[in-house]
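Colleague: Give me the fold of what follows.
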Amino acid sequence: KSGWSVAGEPRWAVSLLLFQLGFEDVIAEPELTHSFDKVWICSHALFELSKYVIYKVLTLVLAIPLALVVGIVFATLSCLHIWVVVPFVKTCLMVLPSVQTVWKSLTDVFVVPFFQSLGRCFAMVNIRLDPDEHD
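Modeller: Residues are numbered from 1 along each chain as shown. Alright, predicted model coming up:
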């Protein structure tokens, strides 16, 4: 009874993604091997009943606490984004031009002369590699 969906996904993967598992998707007897009809009917009924009851119990126990926790998390993230992240980014963007000016001045005063002197020191070094003499 398994097949392929239009999108190319196996039927069982689509069912898992949609949380709509049917009894035949979980308990799949081969074509040539079948249990008694009454066993199949009872097991099908028990499967559907247990799926229904367990889902209802879990939602009764977990839905409200999880909704509260997820609400608190999203509210906290929104508050942090509005009151911390956005002002920090805007402040950095305002300060960066000044930092860029100071950084350029420091590199022009200290770093550039050092590397220019280093370059002049090594400008007259000549390296010659002769393929005949390796040792």
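Colleague: Map the structural domains onto the sequence of this structure.
Modeller: 1-31, 35-121 (automatic domain parsing).
Colleague: any chance of these in CSV, plus distance to I127, mean neighbour count and mean pLDDT?
Modeller: Any C-beta I mention is one placed from the backbone N, CA and C, and that applies to glycine too. Below are those laid out as CSV (distance: least, Cβ to Cβ, whole Å; neighbours: other Cβ atoms under 10 Å; pLDDT from 0 to 100):
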stretch, distance to I127, mean neighbour count, mean pLDDT
domain 1-31, 62, 11, 59
domain 35-121, 15, 10, 93
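Colleague: got these as TSV, with distance to D130 columns?
Modeller: Formatted as TSV, those follow (distance: least, Cβ to Cβ, whole Å):
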stretch	distance to D130
domain 1-31	65
domain 35-121	25
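Colleague: For K38, identify the helix or strand it belongs to.
Modeller: According to DSSP states H and E, K38 maps onto helix 37-80.
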